[in-house]
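[1] Based on what follows, work out the 3D shape:
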Amino acid sequence: MALATGTAAALHPGFVVLSMDVQSEPLFLVLLLGSGFLLLTAVDRPSSNLALLSGGLLALAALTRPSALALAPLASAPLFDRRYPLRARAHLAAAAALGIVLGLTPWTIRNAVVYRELLLVNDARGSAFYQGNSDWMVRFFSLKSPAEYAAWSQAMFADLQRQTLAVERVSGDSPAAKNRYFVAKTLQERRGEPGAWARLLLRKSWEWVRPYPNPLFWPGWVVWTTGVVYGALTVLAVIGLARAPRRGVRLFLLAYLVVTMGSHVLLIVVWRYRVPYWDPVLLLFGVFGAFVTLGGAWKRQLA
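    Model prediction:
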């Protein structure tokens, strides 16, 4: 099963595309998977050292892509494993939390020295919130052609730069001031159209879960081929999750999928961002789902 999953991962279109560009996702994927593997292993053994390393890798993942901070509460997962006494479970969860703190502390201290502000990571979350929920994003979903997207992108980033420079003239290079400004600006724009914001969140949710990339940026054959591959993989992953023998792991991963989707829908959704978060789960349980489905049919034919 592990060999089949590794082979599927090596051939997986999403991972191949990520490896073709210089982005943070490949490094982030390694750190995130390492953290999850060590946490699962730490609970199975159990081992507080592995839990500590798991938290440290999650902190490094958050320094690579700050959205991983939303996963910090999942470090408490060992508390819910009833195979061990509560004291042992608490020790594992505390070790994982300590690993996160130790991993983030040096960068937090650096931010305090440089900016005189308490920042776990300098993540520009206010700017991301504005880009994902402002009037600019509402307009994005009405674009019909690459030419329209090019014009929209140029105008949007020019406006973002203009507003950023205006804040810097008043508050200097303060990440907290920029975050406060862009959050307030977004809320001001959306307050005038609460219904539009609800529709925007629904559209962003679909952008995250849909099994194909944006047709605005890709040829039709790529969209259709990717849709078929991801559609089949998603169906098999659902079967695999439903048939998974370890109920605790299944519940943990369902919580993981909800948290990662929710944190991005609230901020900004880019289909590429989903790949390192969701695709490992789809592959792991999709291969298992294929084995359960096709393997059972093959056995019945032999019988």
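
[2] what's near enough to touch R65?
    Counting by C-beta atoms under 8 Å, 6 or more residues apart in numbering, R65 touches 24-25, 28, 273, 276. Just so you know, the C-beta spots here come from the backbone N, C-alpha and C atoms, and that holds for glycine as well.

[3] Equivalent analysis for F288, please.
    1, 240, 243-244.

[4] what do you get for T64?
    24, 27-28, 31 are the contacts of T64 under C-beta under 8 Å, 6+ apart.

[5] what about the stretch 51-200 of the chain, any weak spots by pLDDT?
    By pLDDT under 70, the low-scoring segments of the stretch 51-200 of the chain are 194.

[6] thinking again about what came up before, in helices only, show me the contacts of F288.
    Of the contacts of F288, the ones assigned to helices by DSSP state H are 240, 243.

[7] Show the buried residues in the contacts of F288.
    The neighbour-count test (16 or more other C-beta atoms under 10 Å) applied to the contacts of F288 identifies 240, 244 as buried.

[8] Now the two most distant members of the contacts of F288.
    Greatest spacing in the contacts of F288, by C-beta to C-beta: M1 and R243 (12.9 Å).

[9] how's this structure carved up into domains?
    2-123+193-302, 124-192 (automatic domain parsing).

[10] pretty sure W152 contacts S142?
    No - judged on C-beta atoms under 8 Å, W152 makes no contact with S142 at a distance of 9.2 Å.

[11] between those two, who's got more neighbours?
    W152 (15 against 8; other C-beta atoms under 10 Å).

[12] Can you list the residue ranges for helices in the stretch 201-303 of the chain?
    220-243, 247-266, 271-302 (DSSP state H, counting those that start in this stretch).

[13] Worst mean pLDDT among these?
    Lowest mean pLDDT of the helices of the stretch 201-303 of the chain: helix 271-302, a mean of 80.

[14] To what extent is W206 buried, counted in neighbours?
    12.

[15] One more: L69?
    The burial count for L69: 20, using other C-beta under 10 Å.

[16] Settle this for me: it is touching T108, isn't it.
    No - counting by C-beta under 8 Å, L69 sits too far from T108 to count as a contact (11.8 Å).

[17] Now do the shared contacts for the two.
    With C-beta under 8 Å, 6+ apart as the test, L69 and T108 both reach 120-121.

[18] count of neighbours near W208?
    Neighbour number of W208 under other C-beta under 10 Å is 19.

[19] An error on my part: the question was meant for G227.
    Using other C-beta under 10 Å, G227 is surrounded by 15 other residues.

[20] Adding distance to G99 as columns, could you present the helices of the stretch 201-303 of the chain in CSV?
    Below are the helices of the stretch 201-303 of the chain laid out as CSV (distance: least, C-beta to C-beta, whole Å):
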stretch, distance to G99
helix 220-243, 27
helix 247-266, 17
helix 271-302, 20
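
[21] Select, out of these, the one closest to L92.
    Among these, helix 247-266 comes nearest to L92, with 13.3 Å by C-beta to C-beta.

[22] Flag every buried residue along that closest one.
    Result for helix 247-266 [16+ other C-beta under 10 Å]: buried residues 248-250, 252-253, 256-257, 259-261, 264-265.

[23] Restricting to C-alpha, output that helix in PDB.
    The C-alpha trace of helix 247-266 is given here as PDB (Å, rounded to 0.1, in the frame of the first residue of the first chain):
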ATOM      1  CA  ARG A 247     -11.700   6.000  13.400                       C
ATOM      2  CA  GLY A 248      -9.500   8.500  15.300                       C
ATOM      3  CA  VAL A 249      -7.300   9.100  12.300                       C
ATOM      4  CA  ARG A 250     -10.300   9.600  10.100                       C
ATOM      5  CA  LEU A 251     -11.800  12.200  12.500                       C
ATOM      6  CA  PHE A 252      -8.500  13.900  12.800                       C
ATOM      7  CA  LEU A 253      -8.200  14.200   9.000                       C
ATOM      8  CA  LEU A 254     -11.800  15.400   8.600                       C
ATOM      9  CA  ALA A 255     -11.000  18.200  11.100                       C
ATOM     10  CA  TYR A 256      -7.800  18.900   9.200                       C
ATOM     11  CA  LEU A 257      -9.700  19.300   5.900                       C
ATOM     12  CA  VAL A 258     -12.300  21.600   7.400                       C
ATOM     13  CA  VAL A 259      -9.700  23.800   9.100                       C
ATOM     14  CA  THR A 260      -7.500  24.100   6.100                       C
ATOM     15  CA  MET A 261     -10.400  24.900   3.800                       C
ATOM     16  CA  GLY A 262     -12.100  27.300   6.300                       C
ATOM     17  CA  SER A 263      -8.900  29.300   6.900                       C
ATOM     18  CA  HIS A 264      -8.300  29.800   3.200                       C
ATOM     19  CA  VAL A 265     -11.900  30.700   2.400                       C
ATOM     20  CA  LEU A 266     -11.900  33.400   5.100                       C
END
